[in-house]
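>>> coordinates only, sequence not included:
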């Protein structure tokens, strides 16, 4: 990591400063591994013995000691089995791939292979100290029971079990002791004084030779380390040098799986894919994903001495061994110094490093798949330390430890740890922010940390309240999932109400929080004392109104809404039927929305009188345009009921003149409750001429009104209309007089006086020499109009006369007809069948029994014999002249009148008598003929005698 820049943005020249920055940056690097000392049986075992080597299988661990024992342990360090195969120090151990056999070699010259699950045991004597052993990975699967071993004799033995017994084959010799050997698949790698060689057991071919690094200590002083990272990649750590060799095989399978023998040059190739030098001695090496884990021994001045002795040094000045994670280019990713027991007395060859088998395929992005993490075992004579990659929880703990709480929380949220860590890490982060007095940041973090825990939320609500920082937490407090106790919400609202800086937040909170989660009364009690103080703000007043509504105190809520000029107050009034509350809020409602307020006042004028409305508006003259509001209200009041506000009509005249002059004339005509003189003065001041004319007319000053029309309005047509309405001949004279000096007005006067004045009279009054525009056309029009009017009059008179004559004739005809009243039903039915329809029959039957009213001149008596009709049981004739006769009396009288001139005519039968029809009339021609006959037969004797 690069050093931090200085304050001025440039790197300093002071070398010590730079070194200090580098140290600080190194301290900030997160470790890649975590460590723990192996427990179980290990501490007890190493009290009386010293560990010399270790091997790791998938299910167990084998620990060799200087006393020649092999201890089989589980991964917790508990001893499972124990072997005593050697009498001297165990130099190397090896499991087969299935973990069923364990091979060991010792300075006593023996190689022992023990079965872990059976009694099988094989021991091979080589009579020289053996330093390395490797079992065939498929040792338990094959009957050949192959293994390789080597030691100080310099021979690499390849042991194979034949049908006649085990047989050793020397694969290599003559280049010094064999220091290490490793077997992977068919490839066997070993190290001697000359370097590293690789042998292919399947093809019985030696593949390659990798020379020992130059300048490296003698192998007996600092052992080489070989590790197969995978089937083709060999990692070599020797002295201070690291090499990685890639072996590319070129094998062709023969029939039935048998390998075909090919020349060595075409079978395998070896490439050194990585190589670098270190500044420390390598005591062990192992793969770590794409990187390497190196057990580093930091050399001191005394390390130039001889390391031949296997007994630990007693000088006690060695440094701690270090575990370093490096890339293949020697970039250090992490460095950890290990607190090994007795490290002060150990040399580089006293340490060893082993790792558990792993595929390495699960390593991606610096993280291992769960359950596939490699384990590393660092062995010293008296201690075994286990190292393994740090997991997500370790990473989170390290972040928290270094104060990077936010990153730790992000890691937990990303699912890098147990869900239970969220509350633990989050709570720690909250505590950290509170200590740093970052209250707003802590509040914003609460939803992430507390989530659905009601108890945790309540605890932090009261904690913030104790710190007097609750307002910053309120926006994040949940109202459901979880829902807290009422007290928590009430405390939060009170905290907002008592701080003027958070009144806006209080208002938004009251509007958004469901009312059912808290009681409004405690909050109202906290706000009401502030109503008339300097701390009362608009937002606090609105919040109090909302709380009143929540608490059911609608009248108080309405009062505050009205003071706050809220447009929704009208809907609020209707919703809660608060009509009584508007009595004292007239001005406020008008200022909020006069278009809605005015109809409301008109509708409720029985509840709030016009005088109350007017007085309240006038009292608010300093707060609003009260005169305009008065105009709107009084106008609507007048429209709804012209007499409702008559005491304010004088005021309305001036209001109309100021705000709606077009409506003033209509108002003046419809109202009788204003003072004419005052109204006239207002109209004169405002220059309202038509209104002046109307008022002068009502005052009886028609001449002055006419003067205003002519001189000010200049509208001769209106002047003519005005004079016509007055029906005053003197006013006509005045009009003519005032128009004579104005030629245009004279012409208009000539056009519009037809029907009112004689045009010749006006023409004779015109002074000589006065030029009247379009006089000829106007005279022609006057004459034409006069002729048209005369013709219309004559035509109307003719029509009127004709109508009068026709109506008189009709009346005369009707008056001559008689109504025949008979008591005989049969006779009436016969007549009906012959002359009438069914409906006329019913009408005649009703007439038959009708009583002759006393309005007849003869009363109920016959006009001839003067006997009452009820005495004689005879039929009766009644005429429209109101005379009535017995049938016999009428016929006798007619005969007596006509007897002196000609023979008496026979009495008319019932069928020959005229019958009066109520519903339909006959044609005039038919009536004339019939009446001509009737004249000779049946007429009223009295009317006929009087007419003669």
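Everything's here; your move. Treat the numbers as computed from the prediction; the structure is a model and nothing was measured.
>>> any idea how far residue 347 lies from residue 379?
Remark: distance between residue 347 and residue 379 (CB to CB, to the nearest Å) = 14 Å. Yep, even glycine has a C-beta here, placed from its N, CA and C like the rest.
>>> cool, and residue 471?
Applying CB to CB, the value for residue 471 to residue 379 is 61 Å.
>>> domain-wise, how is the chain divided?
Domain segmentation of the chain under the TED database yields 33-250+267-361, 817-822+858-893+940-947.
>>> could you dump those into JSON lines with distance to residue 577 and mean pLDDT added?
Shown next, in JSON lines, are the domains of the chain (distance: least, CB to CB, whole Å; pLDDT from 0 to 100):
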{"stretch": "domain 33-250+267-361", "distance to residue 577": "74", "mean pLDDT": "88"}
{"stretch": "domain 817-822+858-893+940-947", "distance to residue 577": "69", "mean pLDDT": "77"}
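>>> now those domains as TSV including distance to residue 461?
Output for these, formatted as TSV (distance: least, CB to CB, whole Å):
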stretch	distance to residue 461
domain 33-250+267-361	38
domain 817-822+858-893+940-947	106
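>>> can I get those domains in a markdown table with distance to residue 547 and mean neighbour count?
Listed next are the domains of the chain as a markdown table, based on distance: least, CB to CB, whole Å; neighbours: other CB atoms under 10 Å:
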| stretch | distance to residue 547 | mean neighbour count |
| --- | --- | --- |
| domain 33-250+267-361 | 57 | 18 |
| domain 817-822+858-893+940-947 | 89 | 18 |
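>>> the ones you listed: which one's closest to residue 613?
Taking CB to CB, domain 817-822+858-893+940-947 is the member of those nearest to residue 613, at 66.4 Å.
>>> who touches the helix or strand hosting residue 455?
Using DSSP states H and E, residue 455 maps to helix 454-466. With CB atoms under 8 Å, 6 or more residues apart in numbering as the test, helix 454-466 has contacts from 423, 430, 434, 439, 443, 446, 449-450, 470, 472-473, 477-478, 482-485, 488, 491-492, 495.
>>> buried only: go through those for me.
430, 434, 439, 443, 446, 449-450, 470, 472-473, 477-478, 484, 488, 491-492, 495 (16 or more other CB atoms under 10 Å).
>>> tell me where the stretch 1-150 of the chain has helices.
15-28, 42-45 (DSSP state H, counting those that start in this stretch).
>>> what average pLDDT does the first one get?
Confidence over helix 15-28 (mean pLDDT, whole number) is 47.
>>> what ranges do the strands span in the stretch 751-900 of the chain?
For the stretch 751-900 of the chain, the strands defined by DSSP state E, counting those that start in this stretch cover 818-821, 876-879, 884-886.
>>> likewise for the stretch 151-300 of the chain?
So, for the stretch 151-300 of the chain - with DSSP E, counting those that start in this stretch - the strands run 156-162, 165-172, 180-184, 187-191, 195-200, 205-211, 225-228, 233-238, 241-249, 268-277, 281-288, 291-297.
>>> and the last one with strand 268-277, angle?
To tie it back to what came earlier, the one meant is strand 291-297. Interaxial angle, strand 291-297 versus strand 268-277 (axes from the mean of the first three to the mean of the last three CA atoms, to 10 degrees): 50 degrees.
>>> just the first one next, same as before
Angle between the axes of strand 156-162 and strand 268-277 is 140 degrees (criterion: the same axes, to 10 degrees).
>>> quick one: list the elements packing against strand 156-162.
Contacts defined by 3 or more CB pairs under 8 Å, 6 or more residues apart in numbering; DSSP states H and E place strand 156-162 against strand 147-151, strand 165-172.
>>> please flag which of the contacts of helix 454-466 sit within strands.
Among the contacts of helix 454-466, no member falls in strands (DSSP state E).
>>> picking that back up, ok, which of the domains of the chain comes nearest residue 735?
Residue 735 lies closest to domain 817-822+858-893+940-947 among the domains of the chain, at 54.1 Å (CB to CB).
>>> how far away from the center of its chain is that closest one?
100 Å (CA atoms, centre = their mean, to the nearest Å).
>>> report the angle between whatever helix or strand residue 428 lives in and helix 454-466.
Using DSSP H and E, residue 428 maps to helix 420-435. If you take the same axes, to 10 degrees, helix 420-435 sits at 0 degrees to helix 454-466.
>>> state the mean pLDDT of the top helix by length along the chain.
Counting residues, the longest helix found in the chain (DSSP state H) is helix 775-816. Per-residue pLDDT over helix 775-816 has a mean of 83.
>>> packing partners of it?
helix 743-752, helix 924-937.
>>> which of those comes out lowest on mean pLDDT?
Mean pLDDT values for the helices and strands packed on helix 775-816 show the minimum at helix 924-937, a mean of 48.
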